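In: model the structure of this input:
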Amino acid sequence: RMTILGTAGATQGFVGIGTNAPQSPLHLHGTLQLTSAATSAGSGDGLLIRNSVTGGPVDFVQQETDAFRFFTPGSSGVQKMIITSAGEVGIGTMSNPGNRCEIESANSIQLRLTYTGASSYFTTLGTNTNGDFQIFANKGADERGVVIGTNNSSPAASGKLHVVGSPFTNGIYVSNTVTSSNGILVENTGTTSTSIYGKGKYVGLRGYADGTAPGGGASLKGVWGEADGTNNSQTGDPATGNMGVYGAVGTSQGTADNSGVYGYVNADGSGTGTKSNYGLFGKAINGDNNYGVFGTVAGLTNDNNSTNYAIYGDATATNKNWAGYFNGHVKVTGDFTVVGTPYNIGGTGSWNTSDELLKQNIEAIDGAKAIAWINQLKPSSYYFDTLQFKEFHFPQEQQFGFIAQDVEQIFPNMVRKLAISDPRCSKFFFKLRK
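Out: Residues are numbered from 1 along each chain as shown. This is a model prediction of the structure:
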C-alpha cells in the first residue's frame, strides 16, 4: 500500500501511496480524503481530491454542507475567498456571497483585466464610495475608450464609449421612473466641448416624449435645450450668444433642401378643448431686445443667382392657409414685396411712413405736370402666367394695374428690380410709394 524508495538516485526517499513507483516526493495514486474532528470519518465525509477520469481534471469534492474557504496564513487568518455549496464565489468577503460572483474591496477598483504580453494595457472595474460603477480603460498613460457590443479591436477614435446596437434597436437604453430626473446626464467642462453629440446615417439626435403632462402649464418635450452660463462676447450677433438648441447643416449633399432645425407636428386634434399645432414655437422674454424667432442668411460668395430667405413660410392647398400670421404691429426696415394680391381682412390696411417730420427737401409738384405724368401711364388688365411661374403661386383671376416696364419710363424711382435666381425674366415686380 505504501512504498518508500531506498535506492540511490534522484528518486531516493520518494513515498508512494497506492503505487510502487512514486514519481514525486509524495505520490498518491487514488483518492485523497480529508476529515477532521468536526466531521465523521466515513466515505461520505470530508473533502475528496481525486482524478476520476483518465487525462481529465482534478476534482475537489466537498462532501459536507459547508463551503470551501481560503484564508491568509496564521491561526487568526482572514478569509479571502469562499465557494459555497451552491456554487457562489466570494472574493474578499467575510460573509457568504449573495450572487454567483461577488468581489469586495476597500479600494474603488475590484477587478483588473490585463492584456497578455502588455501589462500596461488593462481595464479596471469597481464601485466607489458613492456606490457608482466605474470603468477605466488604459493603454499605458493613455486613457482608452470602452467597447460594448462589437468585436472591433478599439472603439471609435473620437469617443470614450463605443456602443453597437445591432441586433438591438437601441445602442443605449436608459429607463428612469423618478420624477424630475434625467435618463442620461453628461457633464463636459471643456471650453468648446459638447456634452451630447449625435451622429447618424438618418437621424443624428432624436427626442421622443410619450406620456401625460403633469398639468399646471407643463408640457411634454421631445428635445429640451437649455443654455445657462456667462457669455461675454457682446458682438450684437445672436449667433455668438447662448443657445438652448442649435442646429447646423454642413456641406450640402445632393439636391435636397437642408434645415438647421426642422419642426413637424401631426396631431389630429382629437383631444378635448382647443388645440393648435406649432411646427416651431419660439418665446423670448426679459432681454433688452427679445426675438421669438430670429433668422439671418448669407448667400454664396460672388453668386448673384442665390436667393436667400431669413424666414420662409409656405402655405398652399386651400385659401385658409397663411404663410405668415402677425397678431400685432409689423415693422419692415427694407423693401417689402408682395407677389400676388394683398388682402385686407378686418384690418386697417398697410401703412407707409409719411410723416412730414421724417422728410426733408420737400417740393410741391406742379399740378399740370402731375396730370401730364399720370396721363402717360397705361392702365392695363392682365392675367398672371401661372403655368410658367408656378413657384410664385400667382392668383388666376383677372388683374388690373400697371406694367412695371411702362411705369419705369415715367417714374424710374418707383420701379425696382428684384434679384431672383431665375433667368426667364430680368424685371418682375414694381414697388409704388405713397
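
In: and stretch 46-61, how far apart are its ends?
Out: 8 Å (CA to CA, to the nearest Å).

In: distance from it to the middle of the chain?
Out: In this view, stretch 46-61 has its centroid 55 Å away from the chain centroid, taken as CA atoms, centre = their mean, to the nearest Å.

In: and stretch 122-130, by the same measure?
Out: Distance, centroid of stretch 122-130 to centroid of chain: 27 Å (CA atoms, centre = their mean).

In: with stretch 82-98 instead?
Out: Relative to the centre of its chain, stretch 82-98 is centred 42 Å away, using CA atoms, centre = their mean.

In: just the C-alphas of it, formatted as PDB.
Out: Listed next in PDB are the C-alpha coordinates belonging to stretch 82-98 (Å, rounded to 0.1, in the frame of the first residue of the first chain):
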ATOM      1  CA  ILE A  82     -15.200  31.400  -0.500                       C
ATOM      2  CA  ILE A  83     -17.000  28.900  -2.700                       C
ATOM      3  CA  THR A  84     -20.400  28.000  -1.300                       C
ATOM      4  CA  SER A  85     -22.100  24.600  -1.700                       C
ATOM      5  CA  ALA A  86     -24.500  26.500  -4.100                       C
ATOM      6  CA  GLY A  87     -21.500  27.400  -6.400                       C
ATOM      7  CA  GLU A  88     -21.400  31.000  -5.400                       C
ATOM      8  CA  VAL A  89     -17.900  32.600  -5.300                       C
ATOM      9  CA  GLY A  90     -16.900  35.400  -3.000                       C
ATOM     10  CA  ILE A  91     -13.600  37.200  -3.200                       C
ATOM     11  CA  GLY A  92     -12.600  39.500  -0.300                       C
ATOM     12  CA  THR A  93     -15.800  38.900   1.500                       C
ATOM     13  CA  MET A  94     -16.200  37.700   5.100                       C
ATOM     14  CA  SER A  95     -19.800  36.600   4.600                       C
ATOM     15  CA  ASN A  96     -21.300  34.200   2.100                       C
ATOM     16  CA  PRO A  97     -21.800  35.900  -1.300                       C
ATOM     17  CA  GLY A  98     -25.300  36.800  -2.400                       C
END
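
In: buried residues of that stretch, list them for me.
Out: 82-84, 88-93, 97 (16 or more other CB atoms under 10 Å). In this view, the C-beta of every residue, glycine as well, is placed from N, C-alpha and C.

In: partners of the helix or strand hosting Phe60, with directions?
Out: Using DSSP states H and E, Phe60 sits within strand 59-62. When pairing is defined by DSSP bridges, strand 59-62 lines up against strand 47-50 (antiparallel).

In: what average pLDDT does the partner strand get?
Out: Averaging pLDDT along strand 47-50 gives 82.

In: using PDB, write down the CA coordinates of it.
Out: Extracted in PDB, the C-alpha atoms of strand 47-50 (Å, rounded to 0.1, in the frame of the first residue of the first chain):
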ATOM      1  CA  LEU A  47     -13.000  16.700   1.300                       C
ATOM      2  CA  LEU A  48     -12.100  14.400  -1.600                       C
ATOM      3  CA  ILE A  49      -9.300  15.200  -4.000                       C
ATOM      4  CA  ARG A  50      -9.300  12.800  -7.000                       C
END
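
In: check contacts around the residue lying closest to Asp59 once chain neighbours are set aside.
Out: Counting by CB to CB, 6 or more residues apart in numbering, Asp59 lies nearest to Arg50, which is 5.1 Å off, once chain neighbours are set aside. Arg50 sits next to 30-32, 58-59, 61 when contact means CB atoms under 8 Å, 6 or more residues apart in numbering.

In: strands along the stretch 251-400 of the chain, start to end?
Out: For the stretch 251-400 of the chain, the strands defined by DSSP state E, counting those that start in this stretch occupy 380-382, 399-401.

In: let me see the contact set for the closest residue to Gln399 other than its chain neighbours.
Out: Counting by CB to CB, 6+ apart, Gln399 lies nearest to Tyr382, which is 5.4 Å off, once chain neighbours are set aside. Going by CB under 8 Å, 6+ apart, Tyr382 touches 398-399, 401, 403.

In: how does it look with 10 Å?
Out: 398-403 (CB atoms under 10 Å, 6 or more residues apart in numbering).

In: pull out the buried residues from the residues you listed.
Out: If we count by 16+ other CB under 10 Å, the contacts of Tyr382 have these buried: Phe402.

In: nearest to Val261, out of the contacts of Tyr382: which one, please.
Out: Closest approach to Val261 among the contacts of Tyr382 (CB to CB): Gln399, at 37.6 Å.

In: understood, closing this out.
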